[in-house]
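Peer 1: everything below, folded, please.
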Amino acid sequence: MINASEPFARPVRRGWVPPEMLHPPHLDPAVRSEPVQPRYALLINPFYAKDPHASFGKHVLTPTLALTSFAATTPESWRVQYWDENLLDGRPPHEPMPEVVGITVHLTFARRAFQLADWYRRRGSKVILGGLHVLSCPEECAPHADALALGDGVQLWPRILADVENNQLRPRYAATYENDYREDPVPRRAILPRASFLTTTSLIATRGCHNRCGFCYLATEGLRMPYRMRDPAQVASEFLEDGQPYAVFIDNNLGSRREYLRALCEALKPLEKIWSAAVSIDVTDDPSLIRAMALAGCTGVFVGFESLSDENLADARKKTPKTADYARRVRMLHDNGIQVNGSFVLGFDHDRKDVFARTAAWVEENRLECATFHILTPYPATPLFRQMETEGRLLHRDWSLYDTAHAVFRPKHMEPEELEQGYGWLYERLFSHTSIWRRRPDDWRAVAPYLAMSYLYKRSNRFWHLLIKRHLVHRAWKPLVELTRLRHLRFRKNLAAYDAPVVPRGNVITAGV
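Peer 2: Predicted coordinates for the structure are as follows:
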């Protein structure tokens, strides 16, 4: 048992972070305005500062799907370019100057998005801002854009480009998410720098979630995202066409409709590939579904446990099994060769100072291969934000710190500084040699792959920085991914042959997304 006072015994050591992982590239004010190149669209994913406590690897696991989806709707008469500032290639291109610049805006990098927007607008480009922050705070975004895209950008992007061509650009465009999701085009992955990502096969089979947790962005006022599903055959075909052995499903909750997930598994099974996805723990209500996922290639899941307190989960309005049953459900996933990346939110109203030690002890006891931690963060226009605002508990509105790594509100049972200290201690503890060893698999044959995954993903930020900087991410991980795929194919063969659980051999791909 971990002593409850241990997280506060000494300051948490700050992880190594090079300046270029903390600060965006400089935008040179001396660059002169040049005539824009007609029908050239630049799509930008802005820079955001990296958390020194967490792994840099998660930032290059897979590319943003939104921008490649917009690119897929771009008319053939337009040239389209993708630029991700987090790949450390310096400032975005400007020679020639694009006619249109599309920038996705999220809360934590809104300031950087506005800097980019202002810089390009001063040089003659038309700037389109879209993303969740535009939907939740449109008045804040409007001064930095020629047009705002509110809602489903896949529907809006071709309409916006047509209006640019006809010199009829409007200040706002809006679309709902109630269209037939099966009609969305396949993302245009050809524009991606494939060498910079572990895999370019980021897939989305469903949209929405059966939960509406008060702290989640899906609860944003004005965002109505009904649950939609693509045909399983469509998803399998897209996976196959990208030619990658590993895919990451970026669905909010791939298991919201169990009958659909079972059909999807049947479509994926013949591909003999591997994949990971985010699911809620209630997916384990049906043990046969977990077996179907494993037989279809699922090697890891990202599970939003959120809290080990039933009271916290009730307050958040999360539909979930009782926390006392979490351990049994984790064992079920492990018995089917599926690694677990558990996600935990810290700072709920029933959390006291012992929450950090209790969470670490539970993660170690249940041998979670990976864990991700977030400080409770009230996103604008969510029920949690309105509650904190009404109670006078918000500390500020510096959106750059609303990154789930900083306390931006006053917790009920500890100081904000203690919440941040406990958050940092949890990463330090779970990334330590001692904790990694304690969570090793029971079967000795799975220990080596587990240790490889743990050390490469969790304790190698200097290595990750080098891989990102030198565009070596895909090349370095390709043989490890293939090794994992081959090991999992052998495991699947054994699993299919026996009704009883088969001891999994482990893999070197981090669990979940």
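Peer 1: show me which helix runs longest in this protein.
Peer 2: When the chain is parsed with DSSP state H, its longest helix is helix 473-497.
Peer 1: counting contacts, what elements does that helix pack onto?
Peer 2: In this structure, helix 473-497 makes packing contacts with strand 246-249, strand 274-279, helix 287-295, helix 447-458, judged by 3 or more CB pairs under 8 Å, 6 or more residues apart in numbering; DSSP states H and E. Heads up, the C-betas are built off the backbone N, CA and C, glycines and all.
Peer 1: and with 7 Å instead?
Peer 2: Counting contacts by 3 or more CB pairs under 7 Å, 6 or more residues apart in numbering; DSSP states H and E, helix 473-497 packs against strand 274-279, helix 287-295.
Peer 1: buried ones in that helix, by neighbour count?
Peer 2: Of all the residues in helix 473-497, those buried under the rule 16 or more other CB atoms under 10 Å are 473, 474, 477, 480, 481, 484, 485, 487, 488, 491, 492, 495.
Peer 1: ok, stretch 156-166 next?
Peer 2: The neighbour-count check on stretch 156-166 (16+ other CB under 10 Å) flags 156, 157, 160, 161, 164, 165 as buried.
Peer 1: which SS class is the third one?
Peer 2: Which is residue 160. For residue 160, the secondary-structure state derived from DSSP: H, G, I helix; E, B strand; the rest coil is helix.
Peer 1: gap between it and residue 40?
Peer 2: The gap separating residue 160 from residue 40 is 14 Å, by CB to CB, to the nearest Å.
Peer 1: now swap in the fifth one and tell me
Peer 2: Computed as CB to CB, the residue 164 to residue 40 distance reads 11 Å.
Peer 1: again with residue 150
Peer 2: 24 Å.
Peer 1: repeat that for residue 89.
Peer 2: With CB to CB as the criterion, residue 89 and residue 40 are 18 Å apart.
Peer 1: check residue 144 too.
Peer 2: Counting by CB to CB, the gap from residue 144 to residue 40 is 21 Å.
Peer 1: again with residue 373
Peer 2: In terms of CB to CB, residue 373 sits 42 Å off from residue 40.
Peer 1: out of these two, which sits in the busier spot?
Peer 2: Taking other CB atoms under 10 Å, residue 373 and residue 40 do not tie; residue 373 has more neighbours (25 against 18).
Peer 1: helix, strand or coil for the more buried one?
Peer 2: strand.
Peer 1: tell me the bridge partners for it.
Peer 2: Residue 373 has these beta-bridge partners by DSSP bridges: residue 344.
Peer 1: check contacts around it.
Peer 2: Contacts for residue 373 (CB atoms under 7 Å, 6 or more residues apart in numbering) come out as 344, 346, 423, 426, 427.
Peer 1: so how far is stretch 134-151 off the chain centroid?
Peer 2: On the basis of CA atoms, centre = their mean, to the nearest Å, stretch 134-151 is displaced by 23 Å from the centre of the chain it belongs to.
Peer 1: which residues touch that stretch?
Peer 2: With CB under 7 Å, 6+ apart as the test, stretch 134-151 has contacts from 105, 114, 117-118, 121, 126-130, 133, 156, 160, 169-177, 220, 222-223, 380-381.
Peer 1: mark which of those are buried, thanks.
Peer 2: Buried among the contacts of stretch 134-151 (16+ other CB under 10 Å): 105, 114, 117, 126-130, 133, 156, 160, 169, 173, 175, 177, 220, 223, 380-381.
Peer 1: just the element for residue 169, please.
Peer 2: Using DSSP states H and E, residue 169 sits within no helix or strand.
Peer 1: would you confirm that it contacts residue 125?
Peer 2: No - contact between residue 169 and residue 125 fails when scored by CB atoms under 7 Å: they sit 11.9 Å apart.
Peer 1: count of neighbours near residue 91?
Peer 2: Around residue 91 there are 16 residues (other CB under 10 Å).
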